[in-house]
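**Q** let's see this in three dimensions:
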Amino acid sequence: MQYLGLLTLFLLLPAMADTVADGNEGDNASVEVYLAALAEAQSSAGAFDENIADIYTGLGNAFLQERNFDKARDAYHRGMHIERVNKGLYDLAQVPYLQRLREVAKAQDDWRAAADYQQQSYSIQQRNFEKGDSTLSSALLDLVDVHLAAYSQIRGFKDGYRHLEKAYAIGISQLIDHLPDPGEQLDDYLALRERSVVMNYEMALLNTNANEQVPTFVNRSGRSDENDYKNLANYYLNGRQDLIRMIEVLEAHGDDPVRVAKAYTDLADWYLLFNKTNSAMKQYRLAYQTGSNHAASEPQITAMFANPVILPRYGLQGAARSKQKTHRLHYSVTVSKYGKAQAITLMQDSEGIPVSSLRRGRAYLRTVRFRPYWVDNEPTRKENHQVLVYVK
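**A** All right, here's what the predicted structure looks like:
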């Protein structure tokens with residue numbers, strides 16, 4: 001089987017969705033104000049009075065506004081310790097502190113600590129909520145997202161691979177087990193399935209370009225086997241299964257034809273990325289026909305196919321790499337009706353751009369797949385399609 005026209009080139013990643021909060025909205029008190037309040041409270045009520053935990057929260061937020069991450073972390077730790085002393089080791093009052101500590105660690109690029117804080121948060125919530133509860137599902141999703149964000153930041157290094165491995169291990173051992181009832185929590189259900197798709201795609205991408213020495217992982221059967229790490233069929237089938245199930249659930253429990261059409265489109269994109277062109281065209285056609293069957297939604301659905309886009313449209317959320325060390329290349333291409341770039345033409349002066357960068361840009365466009373352009377429910381050749389590529 002031929003798999004994935006996947007990239008080995010430098011590409012820009014989308015900006016991270018999670019950022020460190022600048023404290024509570026409207027909380028503009030200075031560090032000095034909180035330090036004074038803290039000294040007074042400790043003097044009158046003792047060091048472990050539970051109300052002092054709130055002061056430490058405000059102090060941490062104030063330090064965070066000054067981007068003094070070390071002192072913010074220390075304040076949050078002290079507040080959390082007071083909560084633990086007063087309410088017990090597994091009380092939910094610790095969760096907001098752990099979430100703040102996670103964000104501080106992410107801001108400092110300490111991804112191991114960020115994952116540890118989220119793991120602690122999830123473990124506490126496991127003791128307080130039943131399996132299938134939306135709060136527990138969200139906490140597990142956050143844990144997967146931390147590992148995926150870490151991988152997006154430090155991919156190419158052993159620690160990065162380990163984060164992807166951990167995310168995938170969570171996905172195959174816990175994520176599916178915590179799927180909520182789609183009839184009651186449709187959005188949560190879809191979010192968990194979508195993460196599974198992303199993880200399987202990233203595992204396939206990693207292994208397509210992997211060196212001989214790669215880390216091991218635990219597969220769906222629970223067995224650790226280095227050879228299975230390169231079994232792309234597993235990732236293809238697992239991702240396809242998630243996407244098909246999302247379509248079935250949306251058709252059974254949803255009432256939005258646009259979402260159904262997008263689910264068909266996502267499955268079609270998946271097929272195309274794995275060079276299953278005929279299967280992809282079938283799913284694209286079903287997506288397009290969904291618009292024809294729902295007149296009110298037709299403009300939104302047909303807009304999905306109005307402009308060829310480079311696949312995949314799902315992937316990691318990571319911080320964009322600096323454009324200062326890259327070259328911005330403007331190309332015109334003809335996109336075939338099966339989503340391949342042809343007639344690749346550079347639309348700018350190449351003076352000052354290294355030949356190696358120009359080669360990488362063209363090689364990238366020859367490798368990627370585009371979502372095809374559709375007219376009247378048929379894939380159509382698109383000429384003079386403008387594309388911007390950033391390469392080293």
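
**Q** would Ala114 count as being in a helix?
**A** Yes. Per DSSP: H, G, I helix; E, B strand; the rest coil, Ala114 lies within a helix segment.

**Q** can you tell me how far it is from His178?
**A** If you measure Ala114 against His178 using Cβ to Cβ, to the nearest Å, the figure is 21 Å. Quick note: C-beta positions are derived from backbone N, CA and C, even for glycine.

**Q** and those two? Which one has more around it.
**A** Higher neighbour count among Ala114 and His178: Ala114, with 24 against 19, using other Cβ atoms under 10 Å.

**Q** who's in contact with Thr345?
**A** Tyr331, Ser332, Val333 (Cβ atoms under 8 Å, 6 or more residues apart in numbering).

**Q** secondary structure class for it?
**A** Quick answer, by three-state DSSP: Thr345 is strand.

**Q** also the one 5 residues further on?
**A** At Ser350, secondary structure determined by three-state DSSP is coil.

**Q** wait, Pro180 touches Ser137, no?
**A** Yes. Assessed by Cβ atoms under 8 Å, Pro180 is found in contact with Ser137 at 5.7 Å.

**Q** quick check: PyMOL command selecting the buried ones in the contacts of Thr345.
**A** Buried residues among the contacts of Thr345 (16 or more other Cβ atoms under 10 Å), as a PyMOL selection:
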select buried, resi 331+333
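
**Q** do a quick rundown of the strands in the stretch 201-350 of the chain.
**A** Listed in chain order, the strands of the stretch 201-350 of the chain (DSSP state E, counting those that start in this stretch) span 327-335, 341-346.

**Q** nearest to Phe48, of those strands?
**A** Phe48 sits nearest to strand 327-335 of all the strands of the stretch 201-350 of the chain, at 56.9 Å, using Cβ to Cβ.

**Q** and the closest one, average pLDDT?
**A** For strand 327-335, mean pLDDT rounds to 95.

**Q** what distance separates that strand from the middle of the whole chain?
**A** Chain-centre distance of strand 327-335: 27 Å, with Cα atoms, centre = their mean, to the nearest Å.

**Q** what's it in contact with?
**A** With contacts defined as Cβ under 8 Å, 6+ apart, strand 327-335 is touched by 308, 341-348, 353-354, 357-358, 361, 365, 370, 372-373, 381-392.

**Q** now the buried members of those.
**A** The neighbour count (16+ other Cβ under 10 Å) marks 308, 341, 344, 353, 357, 361, 365, 370, 372-373, 382, 385, 387, 389-391 as buried among these.

**Q** now do the same contact list for Ser43.
**A** Not one residue lies near Ser43 by Cβ under 8 Å, 6+ apart.

**Q** okay, buried residues for the helix or strand hosting Val197 please.
**A** With elements taken from DSSP states H and E, the one containing Val197 is helix 186-208. Buried residues in helix 186-208, counted by 16+ other Cβ under 10 Å: 186, 188-190, 192-208.

**Q** so which of the contacts of strand 327-335 sit within helices?
**A** Counted as lying in helices by DSSP state H, out of those, are Ser357, Leu358, Gly361, Leu365.

**Q** correct me if wrong: the first one contacts Tyr364.
**A** Going back to what we said before, that points to Ser357. No. With contact defined as Cβ under 8 Å, Ser357 does not reach Tyr364; the gap is 10.5 Å.

**Q** okay, and the common contacts of the two?
**A** What both Ser357 and Tyr364 touch, as defined by Cβ under 8 Å, 6+ apart, is the set Val391.

**Q** count of neighbours near Ala280?
**A** For Ala280, the tally of surrounding residues (other Cβ under 10 Å) stands at 26.

**Q** distance of it from Arg73?
**A** 48 Å.

**Q** what stretches of the stretch 201-350 of the chain score poorly on pLDDT?
**A** 209-230, 314-324 (pLDDT under 70).

**Q** could you identify the helix or strand that succeeds the one helix or strand Glu32 maps to?
**A** Per DSSP H and E: Glu32 is located in helix 31-45. Going down the chain from helix 31-45, the next helix or strand is helix 52-65, by DSSP H and E.

**Q** ok, and what's touching the next helix or strand after that following helix?
**A** Using DSSP H and E, the next helix or strand after helix 52-65 towards the C-terminus is helix 69-87. Contacts to helix 69-87, defined as Cβ under 8 Å, 6+ apart, come from residues 48-50, 52-57, 59-61, 63-64, 91, 93-94, 97-98, 100-101, 104-105, 107-108.

**Q** now do the same contact list for Pro312.
**A** The neighbours of Pro312, taking Cβ under 8 Å, 6+ apart as the test, are Tyr201, Asp269, Leu273.

**Q** reformat the ones in helices among the contacts of strand 327-335 as a markdown table; add distance to Gly160 and pLDDT.
**A** A markdown table is the format used below for the ones in helices among the contacts of strand 327-335 (distance: Cβ to Cβ, whole Å; pLDDT from 0 to 100):
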| residue | distance to Gly160 | pLDDT |
| --- | --- | --- |
| Ser357 | 25 | 92 |
| Leu358 | 29 | 93 |
| Gly361 | 25 | 93 |
| Leu365 | 26 | 94 |
